[in-house]
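Student: predicted coordinates and the sequence they were generated for:
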Amino acid sequence: MNTKPQFGNGVEAQHERFETDSHGDIYIVGDVHGSRIILERLLTKLELEDDDLVVFVGDLVRKGPDSPGVVDLVREDPRLVSVRGNNEQKVVRGDKHPDWLREDDREYFESLPVAISFNDVLVVHGGIDPQQSLSDHTVEELLTMRSPHGDGYDGPFWYDDYDGPYRVFFGHTVHDQPVEREHAVGLDTGCVYGGTLTAYDYRNDEFLTVEAKTHQERANSKIVDPA
């Protein structure tokens, strides 16, 4: 199955699709949250070649110590691309005005696609509602989806009932290890909370991680065990 996901006009204009034939290895990386040093360690571990592609699930910024450094790493390397996360969206909307924000950062965040797809893969920050067609999703839903028919971190989570057809890679909801389901892969493993920064190797179907540092404390009730 290699059918392009069909979104409504509000999202489709912010949906970017890649053809994989021109790329070597492809990696999808979880929420970085301003942890530049940890990201540099992961990128070193990936040993990228010129034709490789790294797709981030959003939330490049906020909470960690060096958001501008992370932005610069991603912006300056054409092999690195990202969807927009809810933390970038907070800056775009003007809800947050972090002191590290530079003149053109907001414009860059607004330029980030809400969805990236290739082959049968869909990358969004939050997730999708399995009871709703893709064409009916709003930008905010794709950025913040967690438990659309439940109660936040108490679940049930959207991926508990999602059965395709696309394999959705997402962040946003913090897990103590990657989520690995047939049609859903969760990659936010708490980089900024002392967990790990996780990458999924698409070609080889395996996870790669680096240990992270605690930059913020987080209640155990807001760290999910995917089992």
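Tutor: Arrived safely. Nothing here was measured: the structure is a model prediction, and the numbers come from that model. Numbers count the residues shown, from 1 in each chain.

Student: how about the helices in the chain?
Tutor: The residue ranges that make up the helices of the chain, judged by DSSP state H, are 9-12, 36-46, 67-76, 86-93, 105-111, 139-144.

Student: ok, and what's touching the fifth one?
Tutor: By CB atoms under 8 Å, 6 or more residues apart in numbering, the list of residues contacting helix 105-111 from outside reads 61, 68, 71, 75, 84, 88-89, 91-92. For every residue, glycine as well, the C-beta is placed using N, CA and C.

Student: among those, who's most crowded?
Tutor: Using other CB atoms under 10 Å as the neighbour criterion, V61 leads those with 28 neighbours.

Student: okay, now the residue nearest to that residue when sequence neighbours are not counted: neighbour count?
Tutor: Nearest residue to V61, sequence neighbours excluded (CB to CB, 6 or more residues apart in numbering): S67, at 3.8 Å. Look at S67: counted by other CB under 10 Å, it has 24 neighbours.

Student: and S67, what does it touch?
Tutor: 34, 60-61, 98, 100.

Student: swap the cut-off to 7 Å and go again
Tutor: Taking CB atoms under 7 Å, 6 or more residues apart in numbering, we find S67 in contact with 34, 61, 98, 100.

Student: so which of the residues you listed is the most crowded?
Tutor: V61 (28 neighbours).

Student: distance of it from E49?
Tutor: Distance of V61 to E49, given as CB to CB, to the nearest Å: 27 Å.

Student: please consider this matter closed, and thank you.
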